[in-house]
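Asks: A structural model of the following input is requested.
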Amino acid sequence: METKISSKFIAELIGTFGLVLFGCGAAAVAGGDTLAQTSGLGLLGISLAFGLSVVVFAYAIGGISGCHINPAVTIGVLVAGKISFKDAIIYIVAQIIGGILGAFVLKTILMGQVNGFTAGEWAYGSNGWGAGYQNEYDMVSSFITETILTAIFLFVILGTTSKIGNGNMAGLAIGFTLVLIHMVAIPITGTSVNPARSLGPALFAGGQALSQVWLFFVAPIIGAIVGAILWKITSAEIKEA
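Replies: Below you'll find the predicted structure:
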């Protein structure tokens, strides 16, 4: 039975909403105002929050939409020829809306502190780079990090969900890959590899977070395309063998 596109839209919206609320929420509520904080959950805890969010929704909505919950993933899957252009656009719109709603709810919760809440320059788990952010990596290092890690992420996604992969374990493999990605990239960019995850918090944080959000669209999308191409080359070699 073919799933209605409206159901896929709702699934992607809810999944992206949950990813931002759980992941960015872990960073902003329990990890401090920015991902650089070491108190509370710390690096491992925040990494797990993002990774486990993907695991949870992979099994919750994977059968409906494939659980992309990430415009870069959808573009990578499109390049791999596993989704139509029309569906890809619908997925991306749903993901963007879900990410914004997740960040809005997170902001609303944080504003409810009795003693007041003051949003920092990169509030709500926003991504960034340069002076004042995390370990102050420059734009080039941040761009390379986001591009390469997204490429690896797409390669794993396409591999584990392919006919030669283990479909029953795909959700775990993808989620744990995201954990590893966060453990490397949190000190550098706060870890995006997902334009929808970056846009929501940046819209409400404003300032430098919003002015820098372009990198977290461009780099992950390039990385996703590279990852998809690498997988197509690899899978073609396997078929020929």
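Asks: ok, Gln212 - contacts?
Replies: Neighbour list for Gln212: Asn127, Gly128, Trp129, Gly130, Ala202 [criterion: CB atoms under 8 Å, 6 or more residues apart in numbering]. Placement of C-beta: from N, CA and C, glycine included.
Asks: confidence score at the last one?
Replies: You'll see Ala202 listed with a pLDDT of 96.
Asks: I'd guessed it sits against Asn127; true?
Replies: Yes: judged on CB atoms under 8 Å, Ala202 makes contact with Asn127 at a distance of 7.3 Å.
Asks: quick check: pLDDT value at the spatially most central residue of the chain.
Replies: Here the mean C-alpha position of the chain is nearest to the C-alpha of Asn194 (CA atoms, centre = their mean), at a distance of 3.5 Å. According to the model's per-residue confidence, Asn194 sits at a pLDDT of 98.
Asks: what sits against it?
Replies: Residues in contact with Asn194 (CB under 8 Å, 6+ apart) are Leu19, Ile69, Asn70, Pro71, Ala72, Val73, Phe216, Pro220.
Asks: rerun that using 10 Å as the cut-off
Replies: Applying CB atoms under 10 Å, 6 or more residues apart in numbering, one finds that Asn194 lies in contact with 16, 19-20, 23, 50, 54, 68-73, 95, 99, 127, 146, 150, 153, 178, 216-217, 220, 224.
Asks: could you pull out the helices for this protein?
Replies: 5-19, 25, 42-65, 71-79, 85-110, 139-160, 170-189, 195-205, 207-211, 215-240 (DSSP state H).
Asks: most neighbours per residue, which of the ones you listed?
Replies: helix 195-205 (a mean of 28; mean count of other CB atoms under 10 Å).
Asks: coming back round to it: quick one: common contacting residues for Ala202 and Asn127?
Replies: Common neighbours of Ala202 and Asn127, using CB under 10 Å, 6+ apart, are Ser192, Ala209, Gln212, Val213, Phe216.
Asks: could you work out the most separated pair of those?
Replies: In the shared contacts of Ala202 and Asn127, the most distant members under the criterion CB to CB are Ser192 and Ala209, with 11.4 Å between them.
Asks: hey, what's in contact with both of the two?
Replies: Counting by CB under 10 Å, 6+ apart, the shared contacts of Ser192 and Ala209 are Ser126, Asn127, Gly128, Ser198, Pro201, Ala202, Phe216.
Asks: okay, these in a markdown table with distance to Ala30 next?
Replies: Converted to a markdown table, the shared contacts of Ser192 and Ala209 look like this (distance: CB to CB, whole Å):
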| residue | distance to Ala30 |
| --- | --- |
| Ser126 | 16 |
| Asn127 | 18 |
| Gly128 | 20 |
| Ser198 | 20 |
| Pro201 | 15 |
| Ala202 | 21 |
| Phe216 | 22 |
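Asks: for those residues, which one is nearest Ile229?
Replies: Closest approach to Ile229 among the shared contacts of Ser192 and Ala209 (CB to CB): Phe216, at 20.9 Å.
Asks: correct me, but that closest one touches Leu149?
Replies: No: with contact taken as CB atoms under 10 Å, Phe216 and Leu149 are classed as non-touching, separated by 11.7 Å.
Asks: pull up the overlap in contacts between the two.
Replies: With CB under 10 Å, 6+ apart applied, the overlap between the contact sets of Phe216 and Leu149 consists of Thr189, Thr191, Ser192, Val193.
Asks: for Gly42, see how far away the nearest residue to Phe204 once chain neighbours are set aside is.
Replies: Counting by CB to CB, 6 or more residues apart in numbering, Lys107 is the residue found nearest to Phe204 once chain neighbours are left out, at 4.8 Å. Lys107 sits at a distance of 23 Å from Gly42 (criterion: CB to CB, to the nearest Å).
Asks: tell me how far the ends of stretch 29-44 are from each other?
Replies: Counting by CA to CA, to the nearest Å, the length from the leading to the trailing residue of stretch 29-44 is 15 Å.
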